[in-house]
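Q: Here's a sequence, model it:
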Amino acid sequence: MSEIYYVKQYISELDIKVLPGGMLVKSDTGMGATHFELVSPRHSIVVEPIRVTAASKVQSAKSDKSYLQDRIPFYVGSAIGETPSPTANEISQYLSDKNKVYKKFICVADSLHKVMEGIAASEGFSAAQFFMLIDEVDSIQMDSSFRRKIEDCLDYYAKQPSDMRAMLTATPLEFSNPFLKDEPITRFQMNKSIPMPTTFVNTGLWWQCIISRIHEIRETDSDKIVVVLNSIHYITILIQRIINSGIDTEDIAVLCSAQSQEYFPDHFEELNDTVFPKKINFITSAYFSGYDIKENYHLICYASFLSDSTMLSPAQIKQIYGRCRKPFSVLSHLIVFRPRFPDRPQTPPKKPKKDREIKFVSTQGLIDEATAVINIEKCFKLNYPKNQVGGLDILNNFRAILVDALNDKNLNSVRINKEKMVISYFFIDSKVENYNVYLTFYAINADPVARLTEAGMTVTVDRFYSEEKLQPGESTFVNIKKSKLIEKLKSLLQSTEIEITEEFEKMGKSNYPLLSKRILSFIIQLKYYFPLVDVIKEAIESMTKDGMPRRDNRAFNNWLVKKYFQTADVNTPLRIFVNHFFKQGEMLTSEEVASRMKDCIIHAQLKTLIGVTSKTLITTDGKNGKELVTLAGNFIELKRHRKQGGGSLFRVIEVFSVMPKRPLSEVGRTIYELFLSNDENKIAFG
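A: I've put the predicted structure just below:
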């Protein structure tokens, strides 16, 4: 059973001194629940999703002369704007400040441990004396960038007395964690919810619709525009289009996570105030919730089935709309919606166009999967009870490898907690919610307007059409990290081999895309066969097309394989199997070339060798088969013959021979390399 309180506008209207424990569900955003806790007569810890929310609440309290001075809150988190990151000593001083009768900490999830450590180290305080309130828990639950952090917070949350902890949300989701399922629920219902008038446009012409709306608003209104678009690629396209249409680049801001900052060197901004920074503001999931905006603005939300990141749910849209706080309002709200489309027939022999599929998941199924993985660890542990083999921490290594492998496949149903694998219930919740959102909001038979209406929006359906199209190459995603790497490689073209070697060794200590320490070591060793400048030129060519970074790494991986094969001796497994499967003079169909190439890859463990995980290397049908034929061209000289009636035959001319080594006198070697014997200067890639 859950208790319900009815209010006209704010929770402070109720005849209660403090918030109850458990799950606190608000009917609307902006009902003042966190403020109520911050001014209540007890010690509190409020956990917010993002820094700007936590810091702004502290700054607001300090600047408000009417605020109760005996309970001014204290911010704990990384520095933002004029708010510094506090030291352990400053936390201690706040706790010992007798003028602050009620201690009020506001922190972000990954800084909660600092608060708890500070309380534990203090004299006269214990964690049980503090009421812990986790704000916007549904947003943290669904956003992968927050999820790990909040699960760590749960470890602290679980230790709090049941009446001294609560989670707050306006858009509740189901919890699979048995511990959270038992939490009591208290609902705060507004007598009359705030209206959310919304225009709904179902269209595949997403970017045309958004740009058209931006220009329509700017022709009649000077208020700011906020575009909710959780895709770095799509934001890049829109910004370029907007600038090309005549809008000043200085009027554009992108509010995203610090990890994505480098993609927008000219437009990245952080929200340091209660107003948006520019006239046109793009926001990603980092700013879906957890902050207050005190100005009028127009809102455009892109909700699309095309990727998980853009699959906004009605609950998320409601949260985003609720960022605007009274007495200000959202002046207009447009949802640009792209559902899953039915299969589209194409002119034969082309196959029908198909949208991606989202497979069925269930809470119990994911829990069973996680339990099985944990049991694997237990089985491993039984074989190594002392956790030490040959001086190595085998269990920890096994655990880390297993979790990394699952993460790589987006199967994050387990996590490591204090050297122990446990079920990641928040991941399970997010996967099940994602499937339910697809089923009820984006699926072919779904009724999205009904779902939005249930979320409290007053929906008007509209239509949009445009013949404007993207120009060739305009939709190509420019990978900023790869661009920087290419520029780095270009800068080395005028260097000596010794200078290049030393620079590559430095790069091996950094996190460069494509070039791991292992690959850099391999490229350095190639100088014993080719001049390094020529190697760098080839690497750049494999990373670019028409002067722009390629969207994927297949050409670069193929180039790596080619260089490996050119320098691998006759006893290398890859050479043995290529010579076995491809005989000089044979005539092979493209299907036979692809099949034999696949066998070479499997038997020679080429996939492991170059770190490629793409399925294109182990299947031979369609496009993948063509790529295998292309890969074979790195090892074998093939002459193509057209068959009557269509198709091709390939004659095996020869298997490429091992490249001879360069004279050592021509190789630029560092002092360290000069001390190595010739046998130690080997290709390290295999």
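
Q: Scan this structure for its longest helix.
A: With residue count as the measure and DSSP state H as the assignment, the chain has helix 363-383 as its longest helix.

Q: So for that helix, mean pLDDT?
A: Across helix 363-383, the average pLDDT comes to 83.

Q: Might you report the residue contacts of Y5?
A: With contacts taken as CB atoms under 8 Å, 6 or more residues apart in numbering, Y5 has the following neighbours: 11, 14, 16, 186-189. Any C-beta I mention is one placed from the backbone N, CA and C, and that applies to glycine too.

Q: beta partners of it?
A: According to DSSP bridges, F188 are recorded as the beta-bridge partners of Y5.

Q: so how far is D251 from it?
A: Between Y5 and D251 the distance, using CB to CB, to the nearest Å, works out to 44 Å.

Q: can you check I500 too?
A: If you measure I500 against D251 using CB to CB, the figure is 43 Å.

Q: more crowded one of those two?
A: Between I500 and D251, I500 has the larger neighbour count (other CB atoms under 10 Å), namely 23 against 16.

Q: ok, the more buried one touching L532?
A: Yes - taking contact to mean CB atoms under 8 Å, the distance of 4.8 Å between I500 and L532 places them in contact.

Q: Pull up the overlap in contacts between those two.
A: With contacts defined as CB under 8 Å, 6+ apart, the residues shared by I500 and L532 are G668.

Q: all strands of the stretch 351-500 of the chain, in order?
A: 414-416, 421-423, 457-462 (DSSP state E, counting those that start in this stretch).

Q: do the same with the stretch 201-350 of the chain
A: With DSSP E, counting those that start in this stretch as the criterion, the stretch 201-350 of the chain has strands spanning 224-228, 252-255, 268-269, 280-283, 297-304, 330-338.

Q: rank those strands by pLDDT, which is bottom?
A: When those are compared on average pLDDT, strand 268-269 comes out lowest at a mean of 92.

Q: can you list contacts of it?
A: Contacts of strand 268-269 with the rest of the structure, by CB under 8 Å, 6+ apart, involve 253-256, 260-261, 277-278, 281.

Q: about what we covered before: by contact count, what packs against the longest helix of the chain?
A: Contacts of helix 363-383 with other secondary structure elements, assessed using 3 or more CB pairs under 8 Å, 6 or more residues apart in numbering; DSSP states H and E, are made with helix 394-408, strand 414-416, strand 421-423, helix 425-437.

Q: list the helices and strands the second one packs on?
A: Yep, that's strand 414-416 we're talking about. Short answer (3+ CB pairs under 8 Å, 6+ apart): strand 414-416 packs on helix 363-383, helix 394-408, strand 421-423.

Q: Tell me where the model's unsure across the stretch 451-600 of the chain.
A: Residue ranges of the stretch 451-600 of the chain with pLDDT under 70: 469-481, 510-514.

Q: what ranges do the helices span in it?
A: Counting by DSSP state H, counting those that start in this stretch, the stretch 451-600 of the chain has helices at residues 480-491, 497-507, 517-525, 532-543, 554-567, 573-581, 590-604.

Q: For the fourth one, name the packing helices and strands.
A: Which is helix 532-543. With contacts defined as 3+ CB pairs under 8 Å, 6+ apart, helix 532-543 has these neighbours: helix 480-491, helix 497-507, helix 517-525, helix 554-567.

Q: Nearest to V658, out of the ones you listed?
A: With CB to CB as the criterion, V658 lies closest to helix 554-567 of the helices and strands packed on helix 532-543, at 7.1 Å.

Q: So which other helices or strands are in contact with the closest one?
A: With contacts defined as 3+ CB pairs under 8 Å, 6+ apart, the secondary structure elements packing on helix 554-567 are helix 517-525, helix 532-543, helix 573-581, helix 606-610, helix 623-632.

Q: residue ranges of the helices in the stretch 201-350 of the chain, please?
A: Assigned by DSSP H, counting those that start in this stretch, the helices in the stretch 201-350 of the chain fall at 206-220, 232-244, 314-321.

Q: tilt between the last one and strand 330-338?
A: Computed by axes from the mean of the first three to the mean of the last three CA atoms, to 10 degrees, the angle separating helix 314-321 from strand 330-338 equals 150 degrees.

Q: Need the contact partners of helix 314-321.
A: 29, 136, 138-139, 142, 170-171, 173, 196, 228, 288-289, 299, 301, 303, 312, 330, 333, 335, 441, 448, 451-452, 454-457.

Q: Against F635, how distant is K562?
A: Using CB to CB, which is the criterion applied here, K562 is 8 Å from F635.

Q: How about N272?
A: When CB to CB is applied, the distance between N272 and F635 equals 56 Å.

Q: V101 too?
A: Noted for V101: a distance of 77 Å to F635, by CB to CB.

Q: repeat for G22
A: Distance, G22 to F635, by CB to CB: 64 Å.

Q: Between those two, point out the one with more neighbours.
A: With neighbours defined as other CB under 10 Å, G22 and F635 compare such that F635 has more, 24 against 19.

Q: In this structure that one contacts F565, no?
A: Yes - under the criterion of CB under 8 Å, F635 is in contact with F565, at a separation of 5.2 Å.

Q: which neighbours do those two share?
A: A shared contact of F635 and F565, defined by CB under 8 Å, 6+ apart, is any residue touching both; here these are 574, 578, 656.

Q: Okay, the nearest residue to Y528 once chain neighbours are set aside and Q566: tell me how far apart.
A: Once flanking residues are discounted, Y528 sits nearest to K661: 5.4 Å by CB to CB, 6 or more residues apart in numbering. K661 sits 11 Å away from Q566, taking CB to CB as the criterion.

Q: okay, and the common contacts of those two?
A: Common contacts of K661 and Q566, defined by CB under 8 Å, 6+ apart, comprise Y529.

Q: Mind checking which of those two has more residues around it?
A: The neighbour count for K661 versus Q566, taken as other CB under 10 Å, is higher for Q566 (17 against 13).

Q: The strands of the stretch 201-350 of the chain: which one's closest to A604?
A: Go through the strands of the stretch 201-350 of the chain one by one with CB to CB and the one that ends up closest to A604 is strand 297-304, at 41.5 Å.

Q: Would you mind listing the outside residues contacting that closest one?
A: In this structure, residues lying in contact with strand 297-304 by CB under 8 Å, 6+ apart are 206, 210, 213-214, 217, 221, 223-230, 234, 276, 310-312, 317, 320-321, 324, 330-338, 441.

Q: Counting neighbours, which bits of it end up buried?
A: 297-304 (16 or more other CB atoms under 10 Å).

Q: Same check on stretch 549-569?
A: 549-550, 553-554, 556-568.

Q: Same check on stretch 116-135?
A: Judged by neighbour count (16+ other CB under 10 Å), stretch 116-135 contains these buried residues: 116, 118-119, 125, 127, 130-135.

Q: Serialize those to CSV and add fields for pLDDT, distance to V461 and secondary structure.
A: CSV is the format used below for these (pLDDT from 0 to 100; distance: CB to CB, whole Å; DSSP: H, G, I helix; E, B strand; the rest coil):
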residue, pLDDT, distance to V461, secondary structure
M116, 95, 50, helix
G118, 95, 53, helix
I119, 95, 53, helix
F125, 93, 56, coil
A127, 94, 51, helix
F130, 97, 49, strand
F131, 97, 45, strand
M132, 96, 44, strand
L133, 95, 39, strand
I134, 91, 37, strand
D135, 89, 34, coil
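
Q: With that, I have no additional questions.
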